[in-house]
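K.L.:
Coordinates for the following, if possible.
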Amino acid sequence: MPAWVEQGYAEYARRMPRECSLALVEIEAEKRGRSGSPQRWVEQEGKRMLAAIPKGDQVVALDVQGATWTTEKLATQLERWMHTGGGVSLLVGGADGLSAKCLQRADQRWSLSALTFPHPLVRVVLSEQLYRAWSVVNHHPYHRSD
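P.N.:
Numbering: from 1, shown residues only. This is a model prediction of the structure:
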């Protein structure tokens, strides 16, 4: 990842409190070549992604077909996730998206936008939005609402 991505993610992850910490788990992308198909690559990546989900975690797939949430709705979701006492795994697909099995495993589907974002930018936007939601829940001045 470019340095700006690592720095952006690290900044928001650092701001999160221990009880709502972020942990980035990177899944190696399937090697793409002249042979093979995008469907096969996505399936292989999906298997590795599903294997990395800790037992008992709630799973949220980032999916353009998912629900769009306002900052306040994300804050409500974050509060619910924190009250369950378990972990939450947010699945971000690779270049070709998430596998059908990842989408089936998801307890929720969330769309950051109807726009398509480059994978590195999603990492930064997602961490910032989670920090913003945490700031709403905790009445921290970072988020300025009307």
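
K.L.:
From now on I want contacts and neighbour counts done on CA atoms only, so please keep to that.
P.N.:
Noted.

K.L.:
Without its sequence neighbours, what residue ends up closest to residue 43?
P.N.:
Computed as CA to CA, 6 or more residues apart in numbering, the closest residue to residue 43 that is not its neighbour in sequence is residue 99, at 5.3 Å.

K.L.:
Could you look up the SS state of the residue nearest in space to the middle of the chain?
P.N.:
Centre of the chain computed as the mean C-alpha position; nearest residue by CA atoms, centre = their mean is residue 90, 3.7 Å away. In three-state terms, and counting by DSSP: H, G, I helix; E, B strand; the rest coil, residue 90 is strand.

K.L.:
Please read off the pLDDT at it from the model.
P.N.:
Residue 90 is assigned 97 on the pLDDT scale.

K.L.:
Number of residues surrounding the nearest residue to it once chain neighbours are set aside?
P.N.:
Spatial nearest neighbour of residue 90, chain neighbours left out: residue 60 (4.8 Å); criterion: CA to CA, 6+ apart. By other CA atoms under 10 Å, 20 other residues sit near residue 60.

K.L.:
still on that earlier bit, residues touching the residue nearest to residue 43, list them.
P.N.:
Residue 99 makes contact with 39, 42-43, 45-46, 93 under the criterion CA atoms under 8 Å, 6 or more residues apart in numbering.

K.L.:
picking up where we left off before, let's verify the residue nearest to residue 90: helix, strand, or coil?
P.N.:
Strictly by three-state DSSP, residue 60 counts as strand.

K.L.:
The nearest residue to residue 23 once chain neighbours are set aside and residue 29: what is the separation?
P.N.:
Computed as CA to CA, 6+ apart, the closest residue to residue 23 that is not its neighbour in sequence is residue 13, at 7.9 Å. Distance, residue 13 to residue 29, using CA to CA, to the nearest Å: 23 Å.

K.L.:
buried residues in the helix or strand containing residue 72?
P.N.:
Under the criterion of DSSP states H and E, residue 72 resides in helix 71-84. By 16 or more other CA atoms under 10 Å, the buried positions in helix 71-84 come out as 71, 74-76, 78-79, 81.

K.L.:
Same check on stretch 127-144?
P.N.:
Neighbour-count burial for stretch 127-144, counted by 16+ other CA under 10 Å, picks out 127-137.

K.L.:
and what of stretch 5-18?
P.N.:
Buried, per 16+ other CA under 10 Å, within stretch 5-18: 5, 8-9, 12-13, 15-16.
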